[in-house]
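Student: when you get a sec, could you give me coordinates for this:
(one chain, ligands or ions: 1)
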Amino acid sequence: MDSRQSNSPDVLDGVDPRQVVDAVERVMAIPSIGGTPAEITVQEFFAQAWTDDGFDVDTWPLDLPELTGRADFPGMEVDRSAGLGVLARIPGAGPGPATLLLGHTDVVPPGDLAAWHTDPFTPVVTDGRIIGRGTTDMKAGLVAAWFAARAVHTAGVALAGDIYLAAVSGEEDGGLGAYALLDRLAIRGIDIARCIIPEPTDLDIVPANGGALTFRLIVHGAATHASRRSEGVSAIEKFAVALAALTELEAVRNIDVDPLMQRWDIAYPLSIGTVQAGDWASTVPDLCVAEGRLGVALDETPEQARAALEHAVAALADTDPWLAEHPIEVQWWGGQFAPGRTDPTHPLVTSIAATHERVTGRAPAIYGGPYGSDLRLLVGAGIPTLQYGPGDSAVAHAPNEWVSIDDVLTCTRTIAGWLT
Ligand SMILES: [Zn+2]
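Tutor: Numbering: from 1, shown residues only. Reported below is the predicted structural model:
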């Protein structure tokens, strides 16, 4: 694996499980929901902790009006008036390739509190698990990367190149933090050779992500009294027509998928997340607004995916006279995640796989994820990037989100071993 030696027991001795769990609990207790002030608080936590660890820490306020106004800005779905960038450096002994370990610190809202068995932001440790919002997605992963870097630093290993640790905000709603980080790296002339994002992969290796585009459909009807409904046009019923067409489009878009994505039942999902219509039970509704998410294939551009959806919606006019005269409007807003991939035979992928197998005795699976993430921004900037982290993405964004402590420690050990 590159020019590195095999992992040193001294380095792994520097990983104290109690400290790792304690750090996950402390970070998790900060309710850093996207768009809330706690998004800054958690960034400040990492800046302080990494300063305390003796790393060189760079922090900078994000210039939101400037960043969000750029043509290639990846999107933002929450109101946000401030952001803080945090980047730590652990100097290498030589000019070898620099490694970036990157994690997002924002989390999604807890959802229905009645579905939680615990308070979402009060960490609970039980049965080898840490439970709470943001544990698996992805505070535990970021803490694992931190403690791996810390163990290497503490052991005084002479690194071939620099290690950078980055905490970023705004991943869940578009990728503001990673976008701003790439800008900062360019300004400072920092050349990153490879990047690991410890998003939840169940300790498999994910070198590719499908993309995800947020859209809105505006469906018009004609309001009338429900008792005379045949004289009006229900926007809900017209939305149902569109939904059937989109379901068919999803099926067509998933007939022939990339080998990296074939493990998924639906590699590129098209899903409606919100529907709002009507304002009175006995009125035929004249407006239905639906929002959803369109998956983008690995070999497709966002423009091509948008065109496919727009075409399917426009084609409804061929068979529906009302929709021919009152076309459904399609808007693209919020997160616009392009797909991205690192070649699964790239040395970054094969060397992490080899280290994981040495630590666990099990070869990790290698496949693409069906979700968009910061990976595509890094890959888009020419940086080979993979995801490798503890936790199952199936429990991310769900009530009673949890992560296995053993998996957090395995991730820490693998990254530490790989760095040395
Ligand atoms: Zn995540």
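Student: who does the closest residue to residue 142 other than its chain neighbours bridge with?
Tutor: With sequence-adjacent residues excluded and distances taken as Cβ to Cβ, 6 or more residues apart in numbering, residue 142 is closest to residue 103, at 3.0 Å. Every C-beta, even on glycine, is put in place using the N, C-alpha and C of the backbone. Beta bridges link residue 103 to residue 167 when assigned by DSSP bridges.
Student: do you know how far the spatially most central residue of the chain is from residue 337?
Tutor: Centroid-nearest residue in the chain, with Cα atoms, centre = their mean: residue 373, separated by 3.5 Å. According to Cβ to Cβ, to the nearest Å, residue 373 and residue 337 sit 7 Å apart.
Student: spell out which parts of this structure neighbour the ion.
Tutor: Contact residues, the chain versus the ion (Cβ under 5 Å from the ion): 137, 138, 199.
Student: what is in contact with residue 373 and residue 337 at once?
Tutor: residue 209 (Cβ atoms under 8 Å, 6 or more residues apart in numbering).
Student: pull up the gap between the residue nearest to residue 142 and residue 141, please.
Tutor: From residue 103 to residue 141 the distance is 6 Å (Cβ to Cβ).
Student: run through the residues that contact the residue nearest to the centre of the chain.
Tutor: 171, 197, 199, 209, 337, 387.
Student: hang on, residue 235 packs against residue 224?
Tutor: No: Residue 235 lies out of contact with residue 224 (Cβ atoms under 8 Å); the separation is 11.9 Å.
Student: name the spans of this structure whose pLDDT lies under the cut-off.
Tutor: Scanning the chain for pLDDT under 70 picks out 1-10.
Student: look through it and tell me its longest helix.
Tutor: The single longest helix within the chain, with elements called by DSSP state H, is helix 235-253.
Student: identify all contacting residues around it.
Tutor: Residues from elsewhere that reach helix 235-253 (Cβ under 8 Å, 6+ apart): 217, 219-221, 266, 268-270, 272, 275, 277-278, 285-288, 290, 292, 295, 297, 308-309, 312-313, 315-316, 320, 322-323, 328.
Student: just the ones of the residues you listed in helices?
Tutor: Counting by DSSP H, the contacts of helix 235-253 place 308, 309, 312, 313, 322, 323 in helices.
Student: if I look at the second one, how far off is the ion?
Tutor: The spacing between residue 309 and the ion, counted by Cβ to the ion, to the nearest Å, is 25 Å.
Student: surely that residue touches residue 330?
Tutor: Yes: using Cβ under 8 Å as the test, residue 309 is close enough to residue 330 to be in contact (6.6 Å).
Student: and the gap between the closest residue to residue 267 other than its chain neighbours and residue 206?
Tutor: In space, and not counting its chain neighbours, residue 267 is closest to residue 261: 3.9 Å by Cβ to Cβ, 6+ apart. Look at residue 261 and residue 206: by Cβ to Cβ, they are 11 Å apart.
Student: again, but for residue 138
Tutor: According to Cβ to Cβ, residue 138 and residue 206 sit 12 Å apart.
Student: wait, isn't residue 340 in contact with residue 371?
Tutor: No: counting by Cβ under 8 Å, residue 340 stays clear of residue 371, with 11.4 Å between them.
Student: who has more neighbours out of those two?
Tutor: Each of residue 340 and residue 371 has its neighbours counted (other Cβ atoms under 10 Å); residue 340 has more, 23 against 19.
Student: who's in contact with that one?
Tutor: 208, 209, 211, 375, 376, 377, 378, 379, 380, 385.
Student: show me the domain layout of this protein.
Tutor: 9-208+340-419, 211-337 (automatic domain parsing).
Student: burial count for the closest residue to the ion within the stretch 201-350 of the chain?
Tutor: Nearest to the ion in the stretch 201-350 of the chain, going by Cβ to the ion, is residue 201, at a distance of 10.5 Å. Neighbours of residue 201 under the rule other Cβ under 10 Å: 26.
Student: also the one 10 residues further on?
Tutor: Residues lying near residue 211 (other Cβ under 10 Å) number 25.
Student: give me the beta-bridge partners of it?
Tutor: Counting by DSSP bridges, residue 211 forms beta bridges with residue 296.
Student: let me see the contact set for it.
Tutor: Contacts were defined as Cβ under 8 Å, 6+ apart; by that measure residue 211 touches 295, 296, 297, 300, 302, 305, 337, 338, 339, 340, 372, 376.
Student: mind doing that once more with 7 Å?
Tutor: Listed by Cβ atoms under 7 Å, 6 or more residues apart in numbering, the contact partners of residue 211 are 295, 296, 302, 305, 337, 338, 339, 372, 376.
Student: excluding residues flanking it in the chain, which one is nearest the fourth one?
Tutor: Read that as residue 305. In this structure, residue 305 finds its nearest non-sequential neighbour in residue 296, 4.4 Å apart by Cβ to Cβ, 6+ apart.
Student: can you check the fifth one too?
Tutor: Sequence neighbours aside, residue 372 is the residue nearest to residue 337 in space, at 2.6 Å (criterion: Cβ to Cβ, 6+ apart).
Student: surely that neighbour forms part of a helix?
Tutor: No: counting by DSSP: H, G, I helix; E, B strand; the rest coil, residue 372 is not part of a helix but coil.
Student: and residue 152, what helix or strand is that in?
Tutor: Using DSSP states H and E, residue 152 sits in helix 140-155.
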